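Colleague: structure here, sequence nowhere to be found:
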């Protein structure tokens, strides 16, 4: 067990050499408010004066203190210092240099602190690593942190308290750290900054031990026995009381070992503490910390070994991806490296499209990746949007009646004109083109992401090669977009070129008439009721008294399935009840084609038939009945918003035909757009990318420039190799301990 703490100390040195804390190592972290006595506790544990002293904040950088027991200590008289040469200190930033004079250690700590933090109370989170070798210490690793201060002094920033708290959290949030929360016994424990900090990261107190200082200067008649008995703020590890040297003792140069003897006499003579001696004294504190740290390390060591192995594996992979320097090698070696990089780049992209694995295993379970994202666009984005597309989006019943009226011209219609269906369904089909092009754009965006994700670490070594590779790939991707866009546009153009009313899935005229008849019956209501103007025979009469109903044959007698064979089930109506007359003013925005140009041209001209302002006649004068004047003809005419029965039936027939044919085209389009995207864009790009890269990059006249490494690659390669060697050393250190089974305690 005793070898465990030195093992962790060696690991601490290794990771300090790496330059960053890549592993959470077991250690004891000392926290508390300024002047709570943290540094005095550490000095008492060591048995030597070696930490900076003075007024205000003294500890201004984290001090990682590693204690090594060098052997069996000799018996010393009370207050006697050990022989010279038995104890010494070493700094990590001064390798090979030993300090036998502990006052020199204090001076070096002050110099190193001033080097980074300045000489006027500034702070820094860069740690100082100090090893102390002595036969009179127990193996321990402690971290002394700056005390929490409220008011900035000297060169300290205004947010000095927040900076010190952040520094403390950085160390105590390590789950493998034991927290030594130092509090002054002559102050209320509920106001202790050390306990508050510890509870913020260890609310159950599982890895916190409390230290009570200044027990000897508590008010007369008071004591901290209730705290030591864990009755105030309970901690799983409990509390230990210590008595440090007073300021007077320090000024009189009272030796620490003499102070420890004085501490022992104080607790032994105190009526309250004599029964709690196991929880009092610096010696008990050191032994407790030693045992806690050894057991804690025993529990953490298997995890530490696994983490080191993982880090070593990652560093080894990084070294392999950087490869060897090509600066001194010939054209053949550079060409071989170029072909290998291009092949790996293309392989990475192909694997992403085909779903053969991602760069990180976690991606496989948390989000869609690569080709699965393209499939999501086809089915969930494009497919669902088209399924929800209404055949009559942007098309009202009034628009349909207007188109029918324009197709009829000046003659009353006996049948629903086929040309109105043809023109209206073309307009709706043309609306499908933009969603198809949008789908293609989204697929291209995903492919660009996959291209960026396919970049290898080896490719980053050569900036010119990387830039040229992405330039070629993006140009190829744009070229593949051109035929894909043309194909999607042609899919719509093909549908618009020929409206196939003989399609087996098309509803046809007979079924459309039947549907319109059924809809008309629903409008008429139950038997015995009729719509305004309806005749008992099922036909439609005029709302005007001078019009008579005519008898018409049954619509089932119509022939053919096409729109051109649709017979009108509605009664024939005279010209006074027809749609608005055609505008012959010559205005290109009026009439049938003007209706299709923009919605802004659609304006109602009133509720009268044929776009009239009303059915009232205008007279020249109120008393002059000899002259009848017609109302002014509007510039823009639309069908009435109150259609007749005949117009309703015509509208329903056209809507049934449009809905049926639009659904046929929509299904074809939903099936063919993903296929066009895959063939012309995805597969074409995937199959030609590697050949295109090789053709444009594998050229002797440009190869030398393309295969130049960046300036920092050589330094990265060197740093990775040094880190690999250090991690191997760390693994060897851990392997020194053979038994990794944690003990219960």
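Modeller: Now that the structure is in, tell me what you want to look at. Predicted model, so just to flag it, every value in this text is computed and none were measured.

Colleague: neighbours around residue 490, how many?
Modeller: 14 (other C-beta atoms under 10 Å). The C-beta positions use only the backbone N, C-alpha and C, and glycine is treated the same way.

Colleague: that one sits in which helix or strand?
Modeller: helix 463-497 (DSSP states H and E).

Colleague: residues of that helix that come out buried?
Modeller: By neighbour count with 16 or more other C-beta atoms under 10 Å, helix 463-497 contains the buried residues 465-466, 468-470, 472-473, 476-477, 480-481, 484-485, 487-488, 491-492, 495.

Colleague: what does the helix or strand containing residue 29 contact?
Modeller: Using DSSP H and E, residue 29 falls within strand 27-31. For strand 27-31, contacts defined as C-beta atoms under 8 Å, 6 or more residues apart in numbering pick out 8, 12, 38, 41-42, 64, 140-145, 148, 168, 171-172, 174, 176-182, 193-194, 197-198, 289, 292-293.

Colleague: now with 6 Å, please.
Modeller: The contact list for strand 27-31 (C-beta atoms under 6 Å, 6 or more residues apart in numbering) reads 38, 141-145, 168, 171-172, 177-181, 194, 197, 289.

Colleague: equivalent analysis for stretch 142-156, please.
Modeller: Outside stretch 142-156, the residues that touch it by C-beta under 6 Å, 6+ apart are 27-31, 33-34, 42, 56-57, 59-60, 62-65, 118, 120-123, 158, 160-161, 164, 168, 171, 193.

Colleague: drop anything exposed from those.
Modeller: 27-31, 33-34, 42, 57, 59-60, 62-65, 121-123, 160-161, 164, 168, 171, 193.

Colleague: for this structure, give the helix that spans the most residues.
Modeller: helix 282-322 (DSSP state H).

Colleague: for it, the averaged confidence score.
Modeller: For helix 282-322, the mean per-residue pLDDT is 83.

Colleague: report all helices and strands that the helix or strand following that helix contacts.
Modeller: Per DSSP H and E, the first helix or strand lying C-terminal to helix 282-322 is helix 331-354. Where contact means 3 or more C-beta pairs under 6 Å, 6 or more residues apart in numbering; DSSP states H and E, helix 331-354 is packed against helix 684-697.

Colleague: tell me what angle the helix it packs on forms with helix 463-497.
Modeller: Taking axes from the mean of the first three to the mean of the last three C-alpha atoms, to 10 degrees, one finds helix 684-697 and helix 463-497 inclined to each other by 140 degrees.

Colleague: buried sites along helix 684-697?
Modeller: 684, 685, 686, 689, 690, 692, 693, 697.

Colleague: the fourth one and residue 701, how far apart?
Modeller: Separation of residue 689 from residue 701 (C-beta to C-beta, to the nearest Å) stands at 23 Å.

Colleague: of the contacts of strand 27-31, which belong to helices?
Modeller: When helices are assigned by DSSP H, the members of the contacts of strand 27-31 inside them are 38, 168, 171, 172, 194, 197, 289.

Colleague: output the residues you listed as CSV; include the columns distance to residue 424.
Modeller: CSV is the format used below for these (distance: C-beta to C-beta, whole Å):
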residue, distance to residue 424
38, 86
168, 75
171, 75
172, 74
194, 81
197, 76
289, 88
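
Colleague: which one of the residues you listed is nearest residue 730?
Modeller: Among the ones in helices among the contacts of strand 27-31, residue 171 lies closest to residue 730 (C-beta to C-beta), at 20.1 Å.

Colleague: pLDDT wise, what is the nearest residue to that closest one once chain neighbours are set aside at?
Modeller: Counting by C-beta to C-beta, 6 or more residues apart in numbering, residue 29 is the residue found nearest to residue 171 once chain neighbours are left out, at 4.7 Å. At residue 29, the model reports a pLDDT of 89.

Colleague: which non-adjacent residue is nearest residue 40?
Modeller: In space, residue 40 is closest to residue 244, 3.8 Å off (C-beta to C-beta, 6+ apart).

Colleague: correct me if wrong: that neighbour contacts residue 38.
Modeller: No. The pair residue 244 / residue 38 is not scored as a contact, 10.0 Å apart, by C-beta atoms under 6 Å.

Colleague: of these two, which one has the most company?
Modeller: In this comparison of residue 244 against residue 38, neighbours counted by other C-beta under 10 Å, the higher total goes to residue 38 at 27 against 22.

Colleague: how distant is the host helix or strand of residue 730 from the center of its chain?
Modeller: According to DSSP H and E, residue 730 maps onto helix 711-735. Distance of helix 711-735 from its chain centroid, counting by C-alpha atoms, centre = their mean, to the nearest Å, is 31 Å.

Colleague: which parts of that helix are buried?
Modeller: Applying a neighbour-count criterion of 16+ other C-beta under 10 Å, the buried positions in helix 711-735 are 713, 716-717, 720, 723-724, 726-727, 729-731, 733-734.

Colleague: report all helices and strands that that helix contacts.
Modeller: helix 4-18, helix 282-322.

Colleague: to residue 224, which of those helices lies closest?
Modeller: helix 282-322 (14.5 Å).

Colleague: got the angle between that closest one and strand 27-31?
Modeller: 120 degrees.

Colleague: which helix or strand contains the closest residue to residue 505 other than its chain neighbours?
Modeller: Nearest residue to residue 505, sequence neighbours excluded (C-beta to C-beta, 6+ apart): residue 664, at 5.4 Å. Assigned by DSSP H and E, residue 664 falls within helix 645-676.

Colleague: contacts only, for residue 260.
Modeller: Counting by C-beta under 6 Å, 6+ apart, residue 260 makes contact with residue 282.

Colleague: tell me which element it falls in.
Modeller: Short version, using DSSP H and E: residue 260 is in helix 256-269.

Colleague: and that helix, which residues are buried?
Modeller: Result for helix 256-269 [16+ other C-beta under 10 Å]: buried residues 256, 257, 259, 260, 262, 263, 264, 266, 267.

Colleague: what about the closest residue to the fifth one other than its chain neighbours, how many neighbours?
Modeller: Put plainly, it is residue 262. Distance criterion C-beta to C-beta, 6+ apart; nearest residue to residue 262, sequence neighbours excluded, is residue 243 at 7.5 Å. When neighbours are defined as other C-beta under 10 Å, residue 243 has 27 of them.

Colleague: what's the answer for the one 4 residues further on, then?
Modeller: Using other C-beta under 10 Å, residue 247 is surrounded by 9 other residues.

Colleague: picking up where we left off before, so which of the ones in helices among the contacts of strand 27-31 sits lowest on pLDDT?
Modeller: Lowest confidence among the ones in helices among the contacts of strand 27-31: residue 38, with 82.

Colleague: okay, it and residue 211: tell me how far apart.
Modeller: Residue 38 sits 9 Å away from residue 211, going by C-beta to C-beta.

Colleague: tell me, what's touching these two both at once?
Modeller: Overlap of the contact sets of residue 38 and residue 211 (by C-beta under 6 Å, 6+ apart) consists of residue 182.

Colleague: show me where the stretch 101-250 of the chain has its strands.
Modeller: Counting by DSSP state E, counting those that start in this stretch, the stretch 101-250 of the chain has strands at residues 128-134, 140-144, 177-184, 208-213, 239-241.
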